Each structure stands twice: as structure tokens, then as C-alpha cells.
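Colleague: Structure, please.
(chains A and B)
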Amino acid sequence: MTEPAPAPPFLLRRDDPPEGPARLALGGRLELAQAATLWAGLGAALARPAPRGLEVDLAGVEVLDGAAAAMLAHAAEAARCAGGEVRFTGAAPDVAELLAWHARAGRPCLRPAPAGEPILTHVGRATLAIGRETREGLDFLGQAVRAATAAVRFPRTVNWRDAAAVLERAGADGVPIVVSIAFLTGMIMAFQSAMQLKQFGAEIFTADLVGISMTRELAPLMTAIIVAGRSGAAFAAELGTMRVSEEVDALRTLGLCPYRYLVFPRVAALVVAMPLLAALADLVAVAGGLFVALLTLDLTGRAYLVQTQQAIDPVDVVSGLLKAGVFGLIVALIACERGLHARGGAEGVGRATTSAVVTCLFAIVAVDAVFAVLFHVYGV
Amino acid sequence: MIHVEGLTIGWGARVLMRDVSFDVARGDVFVVLGGSGCGKSTLLRHLIGLERPMAGRIAIERLGAPRDACVGRGAAPAFGVMFQSGALLGSMTLAENVGLPLRTWTDLPPAAVEAVVRAKLALVGLDGFENHLPNELSGGMKKRAAIARALALDPPLVFLDEPSAGLDPVSAVELDDLLLALNRALGLTLVVVTHELQSIFAIATRCIMLDREAQGIIARGDPRWLRDHGDDPRVRRFFNRQAAPTAPAGA
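Modeller: Okay, the predicted model is just below:
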């Protein structure tokens, strides 16, 4: 950018004669390509006040395009607001018309620009949103309970076909990822604990550690996290898309309740699928532990399995599976709620999906903590 | 057929329309018209029971107030609705979409449902497309499929939101012809929300015109009469495609 700027292909000259109004002569090609130069030139030329008014002479203008016309109109408006009088003279008919179109006094902006909202307004808006979302969430919960009672009283009104399809997609199709993660988690747990227990010659307790921690805690938790990422996101995106494309409204007009037709099958499917997946994760995680024991410890497979069997109480397994069922319920409810309350097109669906997964993850961990306290208090 | 009395509607605390009353008679092609953003579609959403009015009463013959699908056993809808975009269920084929209300609300065996679905699709000129998914169809075909679904339970009353919006002139005229034929042959009462002039003159027997500033009905009657004899300048501008007067340019 060292070369000197070429002379602009337009003329812009201001004269201030001792008598009469100041004159601003414009000529040549006033186009978008030179708009930056024109903008700066107009600004400089109109910076000085013109106490006896300003006459803008457009006689020499060859070409005027929309951008240049908008700038002229804007500059004239600004000069008028500053108290001066501005008149355009000598314009060819087409130039004058273009200028008139761009100088139409539009209505004042109806809404302040979105950026730069005062912090208090922002806080207030966010607070109102929390209130609205809470109301929506409670409304949803009530509707879901009503749908569940209706499903028991009138089982024919439930969309069982969807339930089977969701059971397959959320359950069966999730088996590979649940199996791989559970196997790896079992291996990691076994490896880490074996390293420590070896120092005390207590390698055999690796089986206890893997068995109990997986069945009570990790298998349900990992499975729930996987299901939240897979099915939670899928439910929110699916229902969100249906919501913004009026499909949910269309269902209502066909006499079908969206809570019974869309929400209940998904919730029911996940409540069934989650314990099954968690049970599978239990088994596979023990297999992962066994694999590590065989590779790195001086244990026979039989000894490891017998130790596992002695260590795990049925209560451990059942409490884990119970938790898994509750996680399934929570994931499905949250995801469907976010989906059904999506608003505003593609972006809204994306926001609903993100929010569904984040809320699910938080709720899973929070509920897990509640379970830990409850199980401790009741000695489970 | 429909009796609306003192209806006030809006979003949140904002009132869109105040104290609106009108009646739709059996066999009417009743058109709700007005400029963009005047609340036509919102009025429709209230008529079909998707929104609850702030005040006033909507009664549909043999139905009373529109019902909520989530109450009790639920009930077959007393009327059909065509949404602006069609709102066909994207995961289902056309046959499944049209068959959904039949499977839900009748005891017809699957073969009978299939026969009815084929006939309804043929009625709107979509025979052969039973196993197509909605996203494989053009805009006009989606709208026609949505009409077939709205007609699935042979309702006496069908609501249509902007049936010819976004269609090419030929498809739009074909759709108008279809609506007229259904009105004549089946005695179907139609409530149509639209702002397409040609469509209005082609199909409407009666209309009401809404206005945003007036927050209500500014004209009612036969659209052809309103075009030629209406004395309200807003109505004349609408029917004669004239721009609203604006403030003179410049200062």
C-alpha cells in the first residue's frame, strides 16, 4: 500500500463565496467502488458550518448509484440536523429520482440494536426467561404425568409402534458403543487398582473393586452419559424439528396428543432400554477386568470370577439397574421437553439439542449424588 | 357451522385483535384475508383450538369449543386442517400420513385403510405417490397431500392456511379448482386464510378482511362486491393492488 492512491474519478469541491449560500459541486462517477473516498470527502466538506445554507450542485454527475445516493442523502440529513439548510440543484431527472428514493424519511428504528444491552436489562430478561422455562418445564411434567395415566387407562391411544422403533434405536443400536466403553472402563479400573493392590499383595481384590464399582456406580453412569449423548440429542432434535415445522400442531389437529403420541413412547422406551444396557455394561465391564487380570496378574480366570461372584451382592446390581431406569426417565423427559419447546427455526433446534444434552448430563450426576445419599441412609 | 363472538386474541400481553365476531355458514368458502402480519394465521390457530383466546367464544357446530387432544380418551377431530407448509410428518410416507387419523380413530382393517388412503390421494391427484416421503415432493404436492390428510376422516369442515402461497400460477389455479370441486361435490365448508387476490376471487363466497391497525374486521361480505363497491380506502387498496400512501420524500 505504498503507491499513492489514484485520483478519484469524481469531483467534489466546496466554495464559500462571500455572498449567498455555500456551494458544493459534485461531478463524475459516484459509485460503490469509490464510496469510501466519497464518504470521507463528504464528511470533510460538510464539517465546516454553512450559515447561509448549502447548495449541492449535481449538474456534473454522470453516474450515481444506490450507495452514493444513500451517502448523499445521509450527509444532507446530518447537515440539516446540525441546523443548516441543504438543497440539491442541477440534478438530471434520473439522478434526482434516485436521490429522492434514498432520501425518504424512514420510520425511526423500532428496536435498539441487539448488541450493547444494559446489564440490568440483560439480567432482567434472563430472569424472566428462567421463570418462563420453569413454567414450561412444570407444565410439561404435568402433561407427561397426565399422558402416563392416560396410557394406563386407555392403552390403545398410545403410539406403541414408535415405542418399539425408539427401543430399537436407543437400545439395540446403542449396544456397540456401550459395550466398547464398558469393556474399556472395566479394563482401566482393573489396571489402576491392580497397580495399587499389587503393593500389598492383594491383587485378588481387583475383582471386588471392579465388580462393585462398576455395578453400583460406573456402569449406570457411563451408560446414562452415552444415552444422553445419543438418544437425548436425537429426541430433542427430532421433536424440535417437528415443533418448528408445525408437525406437532398438525398432530393436535388430527386429534393426537403430542405427549401421548411423541413423549410417552420415548420415555417408556428409554426406561426399558436403560437398565438393559446397564446390565450389559455390568457384564462386559467384569469381562474387561478379567481380561486385565489374566494379562497382568497371576490369577486364573476361575479365581477372578469366583472372587467377583463373592464380592457382588445382588443388591449392588439391582440398585445400579434401578438407577439406570431413573436415568433413562430423566434423559427422555428432559430431551423431549427441550425439543417440544424449541422455537425459531434451525437455530432454535440446535439450541434445544445443546441444552438437552447439557441439562441431561447435569441431571444425571445430580440424581446420582441423591441416590448415593439415599442408599447410604437406608443402608443399601 | 362456526360461531365466533367477542373474540380477543394476542400473544402474551399484546392484543392483536379485539372483540371480533363472525359466523361461517354450512357450505361456505369463507376467506379470511388481510395484509401480512395482521393476525390471520393467529386467528386460525385460535379457531382450530391450538391457542386459547384472551376473551370471547368460539363454537363449532356439534363440537362447542375446540377440544384439547390431551384430555381423556381423546376424540376424532371434527374438522381437518391444512397447514401452510403442509406439516406432513416427515418420518412417514404419504400413505402413512393420510392413514394416521384413520388408523387412530376408526376400526377399519389395514386393507380398508389402504383403500381409503388410495382414494384420498387420487382425489388430490397424488395417486401413485403412496410410498413417497414428504421431502421427496414439491411444495404444491405437499400441500395437496396435506389436504388429503385433512380429508381423511371425511370432516364437514376444513381449515386451510395459505393454500396457494408460494405456488406457481398453474399449481395455484389447480389447487383452487380442487377446493371448489370439494366444496361442490362433498358440500365441504372451507375456511381459507390467504392474501392471494386471484385465489380469493376464484373461490370465496364470503370473506372477512382483517387490519392490523384497526385490530379487527374492517370489511365483510362478497369479495367481488367489496372490490367494486367497498368504500373503505384500505379495502379498495387491497383489492386493487395499490400501495398505501406514504409521506412525501425529503423534507
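
Colleague: Helix, strand, or coil at residue B:19?
Modeller: Using DSSP: H, G, I helix; E, B strand; the rest coil, the structure places residue B:19 in strand.

Colleague: Contact partners for it?
Modeller: Contact partners of residue B:19, counting by CB atoms under 8 Å, 6 or more residues apart in numbering or on different chains, are B:6-8, B:56, B:216. Quick note: C-beta positions are derived from backbone N, CA and C, even for glycine.

Colleague: rerun at 7 Å
Modeller: Listed by CB atoms under 7 Å, 6 or more residues apart in numbering or on different chains, the contact partners of residue B:19 are B:6, B:8, B:216.

Colleague: The host helix or strand of residue A:369 and chain B in contact?
Modeller: Using DSSP states H and E, residue A:369 falls within helix A:345-377. No: no part of helix A:345-377 sits near chain B under the criterion CB under 7 Å from any CB of the partner chain; the closest distance found is 12.2 Å.

Colleague: Who are the packing partners of that helix?
Modeller: Contact partners of helix A:345-377 among helices and strands, from 3 or more CB pairs under 7 Å, 6 or more residues apart in numbering or on different chains; DSSP states H and E: helix A:219-227, helix A:233-244, helix A:314-340.

Colleague: Can you give the distance from that helix to the centre of its chain?
Modeller: Centroid displacement of helix A:345-377 relative to its chain, using CA atoms, centre = their mean, to the nearest Å, is 14 Å.

Colleague: got the buried residues for it?
Modeller: For helix A:345-377, a neighbour-count test (16 or more other CB atoms under 10 Å in any protein chain shown) marks A:348-349, A:351-353, A:355-357, A:359-361, A:363-364, A:367-368, A:371 as buried.

Colleague: For residue B:225, state which of these is nearest.
Modeller: Using CB to CB, residue A:348 comes nearest to residue B:225 of the buried residues of helix A:345-377, at 43.5 Å.

Colleague: do you know how far the closest one is from residue A:253?
Modeller: With distances taken as CB to CB, to the nearest Å, residue A:348 is found 22 Å from residue A:253.

Colleague: For residue 142, list the residues it contacts.
Modeller: In the absence of a named chain, this looks at chain A. Residue A:142 neighbours (CB under 7 Å, 6+ apart): none.

Colleague: My question was about chain B, not that one.
Modeller: With CB under 7 Å, 6+ apart, residue B:142 has these contacts: B:86, B:88, B:134.

Colleague: Report how many residues lie close to the last one.
Modeller: Each residue near residue B:134 was counted by other CB atoms under 10 Å in any protein chain shown, and the total is 22.

Colleague: swap in the first one?
Modeller: Counted with other CB under 10 Å, residues neighbouring residue B:86 total 24.

Colleague: Phi first, then psi, for it.
Modeller: With angles defined as degrees, to the nearest 10, residue B:86 sits at phi 100, psi -50.

Colleague: likewise the last one?
Modeller: Here the main-chain torsion angles of residue B:134 (degrees, to the nearest 10) amount to phi -50, psi -40.

Colleague: coming back round to it: and the contacts of residue B:19, which is closest to chain A?
Modeller: Nearest to chain A out of the contacts of residue B:19 is residue B:8 (CB to the nearest CB; 21.5 Å).

Colleague: I'd assumed that closest one was in a strand, is it?
Modeller: Yes: counting by three-state DSSP, residue B:8 is found in a strand.

Colleague: residue contacts, it?
Modeller: Shown in contact with residue B:8 (CB under 7 Å, 6+ apart): B:15, B:17-19, B:53-56.

Colleague: Number of residues surrounding whichever residue of the stretch 1-150 of chain A sits closest to chain B?
Modeller: In the stretch 1-150 of chain A, the residue found nearest to chain B is residue A:100; the distance is 4.3 Å by CB to the nearest CB. For residue A:100, the neighbour count with other CB under 10 Å is 16.

Colleague: distance of it from residue A:69?
Modeller: For residue A:100, the distance to residue A:69 - CB to CB - is 9 Å.

Colleague: returning to that earlier point: quick one: which of the contacts of residue B:8 is the most crowded by neighbours?
Modeller: Of these, with other CB under 10 Å as the count, residue B:17 tops at 25 neighbours.

Colleague: Check that residue and give its pLDDT.
Modeller: As predicted, residue B:17 sits at a pLDDT of 88.

Colleague: Report the beta-bridge partners for it.
Modeller: Judged by DSSP bridges, the bridge partners of residue B:17 are residue B:9.

Colleague: next one: the one 5 residues further on
Modeller: In this entry, residue B:22 is beta-bridged to residue B:4, by DSSP bridges.

Colleague: List the contacts of it.
Modeller: B:4, B:208, B:217, B:220.

Colleague: Equivalent analysis for residue A:146, please.
Modeller: residue B:70.

Colleague: is chain B contacted by stretch A:52-70?
Modeller: No: no part of stretch A:52-70 sits near chain B under the criterion CB under 7 Å from any CB; the closest distance found is 11.9 Å.

Colleague: ok, residues contacting stretch A:257-272?
Modeller: For stretch A:257-272, contacts defined as CB under 7 Å, 6+ apart pick out A:143-144, A:147-148, A:150-151, A:157-159, A:162-163, A:166-167, A:170, A:227, A:231, A:235, A:239, A:248, A:251-252, A:325, A:328-329, A:331-333, A:336, A:340, B:69-70, B:74.

Colleague: Same question for stretch A:235-244.
Modeller: Stretch A:235-244 is contacted from outside by A:248, A:262, A:266, A:332, A:335-336, A:338-340, A:342, A:345, A:348-349, A:352-353, A:356, using CB under 7 Å, 6+ apart.

Colleague: Pull out the buried residues from that stretch.
Modeller: A:235-244.

Colleague: Using PDB, list the CA coordinates for it.
Modeller: Extracted C-alpha coordinates of stretch A:235-244, given in PDB (Å, rounded to 0.1, in the frame of the first residue of the first chain):
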ATOM      1  CA  PHE A 235     -35.100 -36.800  20.800                       C
ATOM      2  CA  ALA A 236     -34.500 -33.100  21.300                       C
ATOM      3  CA  ALA A 237     -33.500 -32.600  17.600                       C
ATOM      4  CA  GLU A 238     -36.400 -34.700  16.300                       C
ATOM      5  CA  LEU A 239     -39.100 -33.200  18.400                       C
ATOM      6  CA  GLY A 240     -37.600 -29.700  17.900                       C
ATOM      7  CA  THR A 241     -37.700 -30.000  14.200                       C
ATOM      8  CA  MET A 242     -41.300 -31.300  14.300                       C
ATOM      9  CA  ARG A 243     -42.200 -28.400  16.500                       C
ATOM     10  CA  VAL A 244     -40.800 -25.700  14.300                       C
END
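
Colleague: got the residues of the stretch 1-150 of chain A near chain B?
Modeller: A:80, A:100, A:103-105, A:143, A:146.
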